[in-house]
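Q: 3D model of this:
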Amino acid sequence: MKGTFRITLDYLRELGACMEGHREFKRAFPDGGGYQEVLDRCAEEGRIDFARWLFSKVGPTEDVRIFENEILDKNKKLFFAGNMDFKQPVFVRYIFAGGGIQAGYGIQAGYGIWAAAGIQAGYGIQAGEGIRAGYGIQAGEGIRAGGGIQAGYGIQAGYGIW
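A: Numbering: from 1, shown residues only. Take a look at the predicted model:
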């Protein structure tokens, strides 16, 4: 599926969205919105619960977002329906990907890192809370999480895992 998929209030009802979800969506998108546009709003408003629910119902897209020389503030929340490819070091609050996460450098999130597919970093991966991947997690250096590390397949680190 492509990320240009359009979401409407009727579609959310079909998916079984809660009443709070209906209200929030209607307020933000009275005429509907694109899948990624809705996820971006979830990120802006810190609605991880809504974003994760939407990922679970709609699934990933084939889209790839490449981050290269972008300003990524430590309070930034990144929710993307497809794969994320970072060509720069990553220091953000949350990262949630409907596909996989790949970084040539390190990945650091003040709270959580979540990917439906795998997570791979050239250097270390660190999260204040948890790191979760549907497939494997691989880092050139260490992997550290304050609240746990979970992978569908394997976890591999060049140094340590803690």
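
Q: Give the helix, strand or coil label for residue 14.
A: helix (DSSP: H, G, I helix; E, B strand; the rest coil).

Q: Extract the C-alpha trace of stretch 147-160 and format it as PDB.
A: Extracted in PDB, the C-alpha atoms of stretch 147-160 (Å, rounded to 0.1, in the frame of the first residue of the first chain):
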ATOM      1  CA  GLY A 147      12.300  -0.500  29.900                       C
ATOM      2  CA  GLY A 148      13.200  -3.600  27.900                       C
ATOM      3  CA  ILE A 149      14.300  -4.800  24.500                       C
ATOM      4  CA  GLN A 150      12.100  -7.100  22.400                       C
ATOM      5  CA  ALA A 151      12.700  -8.500  18.900                       C
ATOM      6  CA  GLY A 152      10.700 -11.000  16.900                       C
ATOM      7  CA  TYR A 153      13.900 -12.800  15.800                       C
ATOM      8  CA  GLY A 154      17.400 -11.900  17.000                       C
ATOM      9  CA  ILE A 155      19.200  -9.100  18.900                       C
ATOM     10  CA  GLN A 156      22.900  -8.500  17.900                       C
ATOM     11  CA  ALA A 157      25.200  -5.800  19.300                       C
ATOM     12  CA  GLY A 158      28.900  -5.100  18.600                       C
ATOM     13  CA  TYR A 159      29.400  -4.400  22.300                       C
ATOM     14  CA  GLY A 160      26.800  -5.000  25.000                       C
END
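
Q: outside of it, which residues touch it?
A: Contact with stretch 147-160 is made by 112, 118, 124, 127-143, 161, as judged by C-beta atoms under 8 Å, 6 or more residues apart in numbering. (Each C-beta comes from the backbone N, C-alpha and C, glycine too.)

Q: Of those residues, keep whichever come out buried.
A: Neighbour counting over these (16 or more other C-beta atoms under 10 Å) leaves 112, 118, 124, 127-143 as the buried ones.

Q: shaky segments in this structure?
A: Where the chain drops to pLDDT under 70, the residues are 1-4.

Q: change it to 80
A: 1-5 (pLDDT under 80).

Q: Next up, the contacts around the spatially most central residue of the chain.
A: Centroid check for the chain by C-alpha atoms, centre = their mean gives residue 96 as the closest residue, at 1.0 Å. Contacts for residue 96 (C-beta under 8 Å, 6+ apart) come out as 48, 51-52, 55, 78-80, 112, 114-115.

Q: That'll do, ta.
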